[in-house]
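S.K.: Model the following, please.
(one chain, ligands or ions: 2)
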Amino acid sequence: MHTSLEVRFRGKRLLIDFGEDWLPHAADLHVDAIVLTHGHPDHAWGLKRGAPCPVYATEATWKVISEFEIRDRHIMQPGRAFRIAGFSVEAFAVEHSIRCPAVGFRVTAGKKSFFYAPDIVAIVDRSAALSQVQLYIGDGATIERSLVRRSGEYVIGHTPIRTQIGWCEKEAVPQAIFTHCGTEIVSSDPAESLARVAALGEERNVQASIAWDGLEIDL
Ligand SMILES: [Zn+2]
Ligand SMILES: [Zn+2]
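M.R.: Ligands and ions are numbered 1, 2, ... in the order given. The predicted structure is shown next:
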């Protein structure tokens, strides 16, 4: 399925992203708020016909999805922590797309924080985004082959898992899970992909693995 992550803490539920695959399930959503990383179809278009709760996104993302039938809209500014449904959520600009400027989210609940960036070339302010983070949830488009392209003064696309594990090592993030997997992972033997990612993590002292639809973890 397209990207969507539900975060639960003390009876509150926050949803991050809701890609187009999820559109038929939009009416069954029982969450307190939704935040969107960017306006690409595989992250936001499940909300085309509206949302049953407040939705938070950057101004750039709202421009891309202005036609959507969402009534309760909130604008997030990168670099400022927002209190959303009992969570502290801070957006950090990431390089990924020119048309659909993207952010990653640093989410804190209680004493735990994680960072979530399903589509990413680079985090603009990486040290701040990953400081005191227990878990990095990143872009599983490719394991080692780069899908980063240059477009004028911008870099766009997807950074390989290997590079993202390197960021975790540098910023002392102990655990990484890769989601939104590309064909390299989806079309190969799951055990083999998991072993490759775990081995790359071991080289860098990061516990690294791959997510799957329905995966639940306790942080
Ligand atoms: Zn994207
Ligand atoms: Zn995507």
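S.K.: Is the closest residue to Arg204 other than its chain neighbours in a helix, a strand, or coil?
M.R.: Nearest residue to Arg204, sequence neighbours excluded (C-beta to C-beta, 6 or more residues apart in numbering): Glu169, at 4.0 Å. Glycine gets a C-beta too; all of them are placed from N, C-alpha and C. Using DSSP: H, G, I helix; E, B strand; the rest coil, the three-state assignment for Glu169 comes out as helix.
S.K.: Give me the pLDDT value at Glu169.
M.R.: Glu169 carries a pLDDT value of 98.
S.K.: Kindly report the same for the one 4 residues further on.
M.R.: Predicted confidence (pLDDT) for Val173: 98.
S.K.: Please apply the same query to the one 3 residues further on.
M.R.: For Ala176, the pLDDT comes out at 98.
S.K.: Can you give me the neighbour number for it?
M.R.: The number of residues packed near Ala176 is 25, by other C-beta atoms under 10 Å.
S.K.: and for stretch 197-213, what are the contacting residues?
M.R.: Here stretch 197-213 makes contact (C-beta atoms under 8 Å, 6 or more residues apart in numbering) with 1, 137, 140, 143-144, 161-162, 165-166, 168-169, 173-179, 181, 185, 190, 193-194.
S.K.: Surely Ile75 is in a strand?
M.R.: Yes. Checked against three-state DSSP, Ile75 lies within a strand.
S.K.: quick one: the closest residue to it other than its chain neighbours and Ala85, what's the gap?
M.R.: Nearest non-adjacent residue to Ile75, counting by C-beta to C-beta, 6+ apart: Glu59, 5.4 Å away. Glu59 sits 21 Å away from Ala85, going by C-beta to C-beta, to the nearest Å.
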